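Participant: only geometry, no sequence info:
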């Protein structure tokens, strides 16, 4: 086994397998390009972040403009116009009970912030609670706190000693929804601090989908028992599920909501955690000991905030919802063509996300099918990254019909070839 010549250690990559790692020189819309002109359709939005397409002119212009004025500023006790503009617009487009915006720099940290907000709230009001409820098969990130509230397994086996205990609620599989709700009701009677969910669809857990009425019922149960409800919309937000936020489809207003990925249109790392006023009020005091002690050096980076503000302007000024609806219909049409193929099971779609499970003897995240599929698609000009034997398509909203046809043609060919 030869050692890689590049010093770069890539995430979620087993370098010992010796798989080629393409060097991308530039990108535009839904395409990635190598220096020699070779191109790939980015069918997973570069890990679910790119919404309007790569190098969107309005976002790139905002980045260039802001880089000439203010590149970085300590955000502890100081502020800047891009952050203020972005926060005000976020408050405008989210439900009224969400009144406060806390900036961070990734989906994982936005969830860490949410968990710390929840525990800090109960501690500061003199009713300390420490238990967190989670949904089975969920994934919320790779920091210690987010691994603790996610599915235990190959993702985090080596770090089990660092993880804190949680109470797990069974996933509401079809026909088993009431069991989930009953388990949540029973757990909430024990007065935990919070319940955290990925609304409507679990991402890395296998693109598992559950109905909006279940999400609404889970929210009602938490409200009835005075348990904080945290919605992790890091992946589900910004149109992926068919609406700007997944919670919109259930009429749910979380106590805390986590946003990242598409927040900047996928151009730069940035995240926010929004919360209701009582959570902020529990930390608002003349007592410095009640300060919310969390930050990172690049909190609310001005350039990233400018990119996010441009993204929200695109949502405001352009027919983004129409593009989402068109893509969702196209995904449904392509998926239906495979619905009768016995090699593809459980075809499912939510908004612009389409997924299916390929029948193999070694199903699961470590299925030997996944590396072979990745190579098969890469050789055919498509970037897809299956979750084991679960294949999903989550492209930017600008993908053309011809590009989407190429993606699904590659998928159809792979069922027989791989």
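Facilitator: Good, I have the coordinates. Note that the structure is a prediction, hence the values are computed from the model and not measured. Numbers count the residues shown, from 1 in each chain.

Participant: For the chain, just list every one of the helices.
Facilitator: 45-48, 57-67, 81-93, 107-124, 144-148, 177-188, 212-224, 277-283, 302-317, 320-337, 369-379, 401-417 (DSSP state H).

Participant: distance of residue 365 from residue 386?
Facilitator: From residue 365 across to residue 386, the span is 10 Å (C-beta to C-beta, to the nearest Å). Quick note: C-beta positions are derived from backbone N, CA and C, even for glycine.

Participant: quick one: which of the two has more around it?
Facilitator: residue 386 (23 against 17; other C-beta atoms under 10 Å).

Participant: Hmm, the more buried one is touching residue 366, no?
Facilitator: No: with contact defined as C-beta atoms under 8 Å, residue 386 and residue 366 do not form a contacting pair (11.7 Å).

Participant: Tally up the residues packed near residue 304, please.
Facilitator: Here the number of neighbours of residue 304 (other C-beta under 10 Å) works out to 26.

Participant: now residue 240
Facilitator: By the measure other C-beta under 10 Å, the count of residues near residue 240 is 28.

Participant: now residue 67
Facilitator: There are 12 residues near residue 67, going by other C-beta under 10 Å.

Participant: Confirm for me that it is in contact with residue 303.
Facilitator: Yes: because the distance of 5.6 Å satisfies C-beta under 8 Å, residue 67 is recorded as touching residue 303.

Participant: roughly how far apart are residue 78 and residue 105?
Facilitator: Here the distance between residue 78 and residue 105 works out to 17 Å (C-beta to C-beta).

Participant: which residues touch the residue in the chain sticking out farthest from the centre?
Facilitator: Ranked by distance from the centre of the chain (C-alpha atoms, centre = their mean), the top residue is residue 286, with 36.1 Å. With contacts defined as C-beta atoms under 8 Å, 6 or more residues apart in numbering, residue 286 is in contact with no residue.

Participant: Residue 108 too?
Facilitator: By C-beta under 8 Å, 6+ apart, the contact set of residue 108 is 140, 141, 142, 143, 146.

Participant: likewise residue 388?
Facilitator: 206, 363, 364, 365, 366, 367, 369, 370.

Participant: which residue sits closest to the second one, ignoring its sequence neighbours?
Facilitator: This points to residue 363. The shortest distance from residue 363 to any non-neighbouring residue, by C-beta to C-beta, 6 or more residues apart in numbering, is to residue 389 (4.8 Å).

Participant: pLDDT at the residue nearest the centre of the chain, what is it?
Facilitator: The centre of the chain sits closest to residue 235, judged by C-alpha atoms, centre = their mean, with a distance of 2.0 Å. The per-residue pLDDT reported for residue 235 equals 98.

Participant: cool, residue 2 as well?
Facilitator: 57.

Participant: per-domain residue ranges of the chain.
Facilitator: The chain resolves into domains spanning 15-55+319-417, 59-317 when parsed by automatic domain parsing.

Participant: Any idea how far the shortest one is from the middle of the chain?
Facilitator: Mean C-alpha position of domain 15-55+319-417 versus that of the full chain (C-alpha atoms, centre = their mean, to the nearest Å) differs by 17 Å.

Participant: Repeat that for stretch 105-114.
Facilitator: Mean C-alpha position of stretch 105-114 versus that of the full chain (C-alpha atoms, centre = their mean) differs by 11 Å.

Participant: now do stretch 95-113
Facilitator: Here stretch 95-113 is found 13 Å from its chain centre; the criterion is C-alpha atoms, centre = their mean.

Participant: For that stretch, measure first residue to last.
Facilitator: Between the start and the finish of stretch 95-113 there is a gap of 20 Å, counting by C-alpha to C-alpha, to the nearest Å.

Participant: What average pLDDT does it get?
Facilitator: Stretch 95-113 shows an average pLDDT of 97 in the prediction.

Participant: swap in stretch 59-73?
Facilitator: When pLDDT is averaged over stretch 59-73, the result is 98.

Participant: Sort out which residues of that stretch are buried, please.
Facilitator: Counting neighbours by 16 or more other C-beta atoms under 10 Å, one finds that the buried residues in stretch 59-73 are 59, 62, 63, 66, 73.

Participant: Rebuild these as JSON lines, extending it with distance to residue 312.
Facilitator: Shown next, in JSON lines, are the buried residues of stretch 59-73 (distance: C-beta to C-beta, whole Å):
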{"residue": "59", "distance to residue 312": "10"}
{"residue": "62", "distance to residue 312": "11"}
{"residue": "63", "distance to residue 312": "14"}
{"residue": "66", "distance to residue 312": "15"}
{"residue": "73", "distance to residue 312": "21"}
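
Participant: List just the nearest of those residues to residue 336.
Facilitator: The shortest approach to residue 336 among the buried residues of stretch 59-73 belongs to residue 59, at 33.7 Å (C-beta to C-beta).
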